[in-house]
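>>> quick one, structure for this:
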Amino acid sequence: MPSLGSKSECWGNPVAERLFATIEREFIDALGLASASWSAPCRLRAHREFGQHPPAALDARLPQSQPRRSCPPQRRPSGGMINRSKLSDEPEQAQPPPRRASTLDQVFALNRAELNIPRGLEVVGILLASLVVLSLLGEQRYWLSLALGVLIVGLSDPGGEYGVRVGEMAWVGGIGTVLTAVGFGIGGGPWGWVVLVAFAVTLLSGLALKFGLHRFTGALLLNVWFLVAISIPAGEHLSPAHSNWSGQALAWLVGSAIWITLTLAVWLIRGRHAQETHVPEIPADMTTIKLSRQVILFGVIRAVAVTAAVAIAFGLHVPDADWMPIAALVAMKGSLDQTTLVAEQRLVGALIGAAVAAAFLLTLGSKHALEVVIVVLAAIAASIRGVNYALYCAAIAGAVLIGIDLPHPTNFTAEFHRVLFTLAGVAIAWLVMVLAGVIQKRSAKVAR
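So this is what the prediction gives:
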């Protein structure tokens, strides 16, 4: 066996000792660990990483082609012992994928950062003040028209320069006044006129998308109010001559004027500067667009669906069926571009609102107590508009449905029928949502 100590012998002791000294100096000492703390797997890795590479790779003055891998450093605990189990060379197990949120979780997902309690307190102050004043004057029957006039005109305020704001609020107040007069005027009359006008109003509100999302939202709110206006005289069996349509229209106009006057006072106090909108959740876009054929078709389908609900409620003179068209409109997909999640939230919100309204109508026999409930539900809706859309729709639906049946006596049978017709209205809305999905799929195929 030849000697390993001859000249130029790579396996000689000096060369081998220099190799392992370089490994210890550049690798082990850099980690701050004693050589005794290394387990067998880590020593094996060190041998593979450094012992089998060309000698040039050990020279710190030469660039490395790849980052050097090493065992993770481990601090020595106070007791002087190192946990050798954590120095294992076995690969880490893959983490399980995050759990996918269910549809119910998405529908009721809460964005607590958007809670707006001051806005809810503003609604409480305005509605309670108007209720107290009308009660003192003995004109409490006009409170619902006045209150919704304030709320809907307030929601139509886009913010910005005051001239633009007044123009938007004025047209909503004016159209709302006309719809109030027409709704209370024909609500207790021949059902054919009711069905015809309901179709026209619903169709025009859907086509209002042409003038921007902000005006489209205002048109939808006016559409809901019109259905309320035709339901009140029909539920009280009032003929057009006894529905006092002119007084109700005047109450709506006064409510609109109250909100516009308040915004004028705030604008003057703040130095006539542009103001932000009170409801940033409502889109402020007022750009005129061209309506596609699919959007117009969906508007017609939506109008036919609401009209069918109105025809059943008014044409067949079914008791307590006035909840059906309102539930259908509240739960129905507003536009063809609205997401499926928002449509599902509207459906769920309408059902919850109907259950809430039925519960309060059964448990509270006082008309004044029910009016306070309407104020509270409106305030909740104003506060949680950005928190969860399903709960917002539930609060709005509950307030509106209680307002319709505010002067009516109730019992378990009547509330059962109202909830049943609410389910029928929601079923109509669901059918419209399915048809909207079919239209969207065909539109996508044509675009390709």
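
>>> mind listing what's buried in stretch 261-269?
Within stretch 261-269, the residues that qualify as buried are Thr263, Trp267, counting by 16 or more other CB atoms under 10 Å. Bear in mind the C-beta positions are built from the backbone N, C-alpha and C, glycine included.

>>> what residues does that stretch touch?
Residues outside stretch 261-269 that contact it (CB atoms under 8 Å, 6 or more residues apart in numbering) are Asp157, Tyr162, Arg165, Val166, Met169, His273, Gln275.

>>> check contacts around the last one.
Put plainly, it is Gln275. Here Gln275 is in contact with Gly159, Gly160, Tyr162, Arg165, Thr263, Val266, Trp267 (criterion: CB under 8 Å, 6+ apart).

>>> now, among those, which is nearest to Ala311?
Using CB to CB, Arg165 comes nearest to Ala311 of the contacts of Gln275, at 38.4 Å.

>>> helix, strand, or coil at that closest one?
helix (DSSP: H, G, I helix; E, B strand; the rest coil).

>>> the closest residue to Ala358 other than its chain neighbours: what's it in contact with?
Excluding the flanking residues, the one nearest Ala358 by CB to CB, 6 or more residues apart in numbering is Glu415, at 4.3 Å. Listed by CB under 8 Å, 6+ apart, the contact partners of Glu415 are Ala358, Leu361, Leu362.

>>> can you say which of those residues are buried?
Using 16+ other CB under 10 Å, the buried ones in the contacts of Glu415 are Ala358, Leu361.

>>> for Gly212, which non-adjacent residue is closest in space?
Nearest to Gly212 is Met286, by CB to CB, 6+ apart, at 3.8 Å.

>>> filter the contacts of stretch 261-269 down to the buried ones.
Judged by 16+ other CB under 10 Å, buried ones among the contacts of stretch 261-269: Asp157, Tyr162, Arg165, Met169, Gln275.

>>> buried ones in the helix or strand where Ala170 lies?
Ala170 belongs to helix 162-186 when assigned by DSSP states H and E. Neighbour counts over helix 162-186 (16+ other CB under 10 Å) mark 162, 165, 168-169, 172-173, 175-177, 179-186 as buried.

>>> same check, this time on stretch 423-439
In stretch 423-439, counting by 16+ other CB under 10 Å, buried: Leu423, Ala424, Gly425, Val426, Ile428, Ala429, Trp430, Val432, Met433, Leu435, Ala436, Ile439.

>>> name all residues that make contact with the third one.
It refers to Gly425. Contacts of Gly425 (CB under 8 Å, 6+ apart): Ala309, Trp323, Met324, Pro325, Ile326, Ala327, Ala328, Leu329, Ala331, Ala350.

>>> which regions of the stretch 101-250 of the chain sit below the pLDDT cut-off?
101 (pLDDT under 70).

>>> show me where it has helices.
103-107, 117-137, 143-155, 162-186, 191-207, 213-235, 245-269 (DSSP state H, counting those that start in this stretch).

>>> out of those helices, nearest to Val376?
Of all the helices of the stretch 101-250 of the chain, helix 117-137 sits nearest to Val376, with 7.6 Å by CB to CB.

>>> now the closest one, how far from the centre of its chain.
Remark: helix 117-137 is offset 26 Å from the chain centroid, using CA atoms, centre = their mean, to the nearest Å.

>>> likewise stretch 135-144?
34 Å.

>>> of the buried residues of stretch 423-439, which is the nearest to Gly403?
Gly425 (16.5 Å).

>>> and the gap between that closest one and Ala305?
According to CB to CB, to the nearest Å, Gly425 and Ala305 sit 9 Å apart.

>>> are there residues contacting both of the two? Which ones?
Ala328.

>>> tell me the domain ranges of this protein?
In terms of domains, the chain is parsed into 19-63, 107-447 (source: automatic domain parsing).

>>> and the first one, average pLDDT?
In this model, domain 19-63 carries a mean pLDDT of 51.

>>> pick the most buried one from the domains of the chain.
domain 107-447 (a mean of 19; mean count of other CB atoms under 10 Å).

>>> quick one on the thing from earlier: columns pLDDT and secondary structure on top of the contacts of Glu415, output as CSV?
Formatted as CSV, the contacts of Glu415 follow (pLDDT from 0 to 100; DSSP: H, G, I helix; E, B strand; the rest coil):
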residue, pLDDT, secondary structure
Ala358, 86, helix
Leu361, 86, helix
Leu362, 85, helix
